[in-house]
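A.B. asks: Need a 3D model of the sequence below.
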Amino acid sequence: MQITKPHAVLLASPGMGHLIPVLELGKRLVTHQDFHVTVFVVAVDVSGENISKLLDSSSEHLDVLMLPTVDISGIVDPDENFVIKIVVTMHESLSAIRSAICGMKIRPTALIVDLFGTEAMAIADELEMLKYVFIASNAWFLAATIYGPAVDKKVLDDEHINQKKPLKIPGCTPIRFEDTLEAFLDPNDPLYHGYLSVGRVIPTADGILVNTWEDLESKTLRALKDDKLLGCVARTTVYPIGPLARAVEAVAENQVLEWLDMQPTESVIYVSFGSGGTLPSKQMMELAWGLEQSQQRFIWVVRPPLENDVSGSFLTVGNGPVGTVDYLPNGFMNRTHNVGLVVPMWAPQAQILEHPSVGAFLSHCGWNSTLESIVSGVPMIAWPLYAEQKMNATMLTEEIGMSVRSRELPTERIVEREEIEMMVRRVMVMDKERHAMKNKVKELKNSALKASSKGGSSYNSLSQLTKDCENRFQCLKVKAEGG
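C.D. replies: Reported below is the predicted structural model:
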């Protein structure tokens, strides 16, 4: 088999939040940087998403392959934290990853892993491949992840966790305790020590790819590159290569899009908590009433609620009634049938956000959803549930100014219908506040397009990474040809 171009292996850990950006990175390496790419998918969360279509992304120079499923039922409890399940799944998949790479006719140039795949970097070392970490979230999240292990234990454990003081990150916006990562909350939790270990390993890569761009996070990116601030922690090159957002592709005969076609421009608020967001049953009732009282058109993607929870959850299947109508207020569907559309489990989100009839997005603030909202120019209601979503919500609302949020975190108390009604009207009714949010997100949309286009900051950043890989590729080519 003749070697004609650099070959990168991308490793996607379980969950749509990881698979989507990894696939988009693979496509960009193929189309913009002339790579051959193989994406190994360890496992996929199948909670309502159209997984099969995503996995059918193979093309001439892009191969998407599912690795053998691993059984972790005898290792972790079924009710264990989903992050622990992902970590264990990735660990148990290492032998399959190594075998798959060794089974290739030509040794790949580079291995690119996501946050949960850092253990696999040892395979890259063994096989003389370049190794990179791809952070599918933003630069602020990366800064927190690599700075956590470097900060004095007294500062992290005593001041931030026990005294609930903000975590100060050099050159970056401090992280308020209420926005902090769940992994930082309990020093006695295995997740705490595991996460700090990952934070120590990430800077040992040949480079760190981040799903952001210069104009969006210039302050944090400067800190990550400054040896006097966070550069001493990163110790490697940081490549901002975003936004990597799901492409808008044609969807045949979809009732949601057909319904949108009949609505006025920017008249609909889209409500979705991603492929894994689940609300408690009482909160779902309040959200229904709030949408109804706002008198705004809406599309609402619903999942069965959690009956015995007060805060909501992520990547947790609800235990409420099976039928959609059973967990909404009596008569809700009849009263709102002219202005609203309730969709069970899944909807074509990228296409919905891009539709001219959509005027706002009530979201859990997962980074994929956030980027899809930005590149579609749609303001948001921030409703964070888990992981770095609270940090994202703060960034979107207080720093960027393209969203509104509830007075208190939805994970701390039930957000009542009156406040929901108010938030919906703030992002949907054209006044000075909505006008400012709309202008800001339009500005970001344009800067995102510019960054990703030829000659833009993210395009150039990915090109620089390509040069590193090409140098190694030439060495492998000479070696393979007996030079």
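
A.B. asks: Pro68: what's its closest spatial neighbour, skipping adjacent residues?
C.D. replies: Of all residues not flanking Pro68 in the chain, Ala96 sits nearest, at 5.4 Å (CB to CB, 6 or more residues apart in numbering). In short, each C-beta sits where N, CA and C put it, glycine included.

A.B. asks: Any regions of the stretch 1-150 of the chain where pLDDT drops low?
C.D. replies: 1-4, 44-58 (pLDDT under 70).

A.B. asks: the helices in it, which residues?
C.D. replies: 16-33, 51-55, 82-92, 94-102, 121-126, 139-147 (DSSP state H, counting those that start in this stretch).

A.B. asks: hang on, the earlier thing: check contacts around the residue nearest to Pro68.
C.D. replies: Counting by CB atoms under 8 Å, 6 or more residues apart in numbering, Ala96 makes contact with 67-68, 70.

A.B. asks: From those, pick the one nearest Gln163.
C.D. replies: Using CB to CB, Val70 comes nearest to Gln163 of these, at 40.9 Å.

A.B. asks: And that closest one, how far from Pro78?
C.D. replies: Distance, Val70 to Pro78, using CB to CB, to the nearest Å: 15 Å.

A.B. asks: Tell me the spacing between His435 and Glu266.
C.D. replies: According to CB to CB, His435 and Glu266 sit 12 Å apart.

A.B. asks: So for those two, which sits in the more crowded spot?
C.D. replies: Glu266 (20 against 10; other CB atoms under 10 Å).

A.B. asks: List the residues that contact the more buried one.
C.D. replies: With CB under 8 Å, 6+ apart, Glu266 has these contacts: 356-359.

A.B. asks: so which strand or helix has it?
C.D. replies: Using DSSP states H and E, Glu266 falls within no helix or strand.

A.B. asks: Which helix or strand contains His193?
C.D. replies: Going by DSSP H and E, His193 is in helix 190-201.

A.B. asks: Which strands or helices does that helix pack on?
C.D. replies: Here helix 190-201 touches helix 82-92, helix 139-147, going by 3 or more CB pairs under 8 Å, 6 or more residues apart in numbering; DSSP states H and E.

A.B. asks: Show me what the shortest one is packed against.
C.D. replies: I take that to be helix 139-147. Here helix 139-147 touches strand 130-135, helix 190-201, strand 207-210, helix 218-225, helix 231-234, strand 237-240, helix 389-394, going by 3+ CB pairs under 8 Å, 6+ apart.

A.B. asks: among these, which is nearest Asn254?
C.D. replies: Across these, closest to Asn254 is helix 389-394 (CB to CB), at 27.2 Å.

A.B. asks: quick one: that closest one to chain centroid distance?
C.D. replies: In this view, helix 389-394 has its centroid 12 Å away from the chain centroid, taken as CA atoms, centre = their mean, to the nearest Å.

A.B. asks: Then stretch 434-448?
C.D. replies: Computed by CA atoms, centre = their mean, the chain-centroid distance of stretch 434-448 equals 20 Å.

A.B. asks: what pLDDT, on average, does the helix holding His193 get?
C.D. replies: Averaged over helix 190-201, pLDDT sits at 92.

A.B. asks: Can you show me the strands along the stretch 301-450 of the chain?
C.D. replies: 313-314, 340-344, 358-363, 380-382, 403-405 (DSSP state E, counting those that start in this stretch).

A.B. asks: Please name every helix or strand in contact with the longest one.
C.D. replies: Using 3+ CB pairs under 8 Å, 6+ apart as the contact test, the elements touching strand 358-363 are strand 268-272, helix 367-376, strand 380-382, helix 417-428.

A.B. asks: Please tabulate the ones you listed in a markdown table, including the columns distance to Met262 and mean neighbour count.
C.D. replies: Shown next, in a markdown table, are the helices and strands packed on strand 358-363 (distance: least, CB to CB, whole Å; neighbours: other CB atoms under 10 Å):
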| stretch | distance to Met262 | mean neighbour count |
| --- | --- | --- |
| strand 268-272 | 10 | 26 |
| helix 367-376 | 20 | 25 |
| strand 380-382 | 24 | 26 |
| helix 417-428 | 18 | 19 |
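
A.B. asks: any idea how far the spatially closest residue to Pro348 that is not a sequence neighbour lies from Glu214?
C.D. replies: Sequence neighbours aside, Val251 is the residue nearest to Pro348 in space, at 5.0 Å (criterion: CB to CB, 6+ apart). To Glu214, Val251 is 33 Å away according to CB to CB.

A.B. asks: Comparing those two, which shows the higher neighbour count?
C.D. replies: Glu214 (19 against 15).

A.B. asks: residues in contact with that one?
C.D. replies: 221, 240, 451, 457-458.

A.B. asks: what do you get for Pro356?
C.D. replies: 265-266.

A.B. asks: same question, Pro108
C.D. replies: 7-9, 38, 101, 129.

A.B. asks: filter these to the buried ones?
C.D. replies: 7-9, 38, 101, 129 (16 or more other CB atoms under 10 Å).

A.B. asks: and those, which two are the farthest apart?
C.D. replies: Thr38 and Met129 (12.2 Å).

A.B. asks: Could you tell me which residues touch both of these two?
C.D. replies: 9, 108.

A.B. asks: Deepest-packed of the helices of the stretch 1-150 of the chain, please.
C.D. replies: Compared across these, helix 139-147 shows the largest average neighbour count, a mean of 26 (mean count of other CB atoms under 10 Å).

A.B. asks: still on that earlier bit, would you mind giving me the ChimeraX syntax to select the buried ones in the contacts of Glu266?
C.D. replies: Buried residues among the contacts of Glu266 (16+ other CB under 10 Å), as a ChimeraX selection:
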select :357,358,359
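
A.B. asks: closest to Leu196 among the contacts of Glu266?
C.D. replies: Val358 (40.3 Å).

A.B. asks: Quick check: closest non-adjacent residue to Ala448.
C.D. replies: Closest residue to Ala448 apart from its sequence neighbours, by CB to CB, 6+ apart: Pro243 at 4.9 Å.

A.B. asks: Could you measure from that neighbour over to Leu230?
C.D. replies: Pro243 is 22 Å from Leu230, by CB to CB.

A.B. asks: ok, now Ser406?
C.D. replies: 31 Å.

A.B. asks: more neighbours, those two?
C.D. replies: More crowded of Ser406 and Leu230, by other CB under 10 Å: Leu230, with 27 against 20.

A.B. asks: Spit out the contact partners of the more buried one.
C.D. replies: 143, 146-147, 169-172, 223-224.

A.B. asks: at 6 Å what do you get?
C.D. replies: Applying CB atoms under 6 Å, 6 or more residues apart in numbering to Leu230 gives the contacts 143, 170-171, 223-224.

A.B. asks: now, the most widely separated pair of those?
C.D. replies: Once CB to CB is applied, the contacts of Leu230 give Pro170 and Leu224 as the farthest pair, at 10.1 Å.

A.B. asks: Look up the closest residue to Ser447, ignoring the ones flanking it.
C.D. replies: For Ser447, ignoring the flanking residues on the chain, the nearest one in space by CB to CB, 6+ apart is Asp215 at 4.1 Å.

A.B. asks: Now do the one you found: how many residues are near it, please.
C.D. replies: Count around Asp215 with other CB under 10 Å applied: 18.

A.B. asks: for it, helix, strand, or coil?
C.D. replies: Taking DSSP: H, G, I helix; E, B strand; the rest coil as the rule, one finds Asp215 in the coil state.
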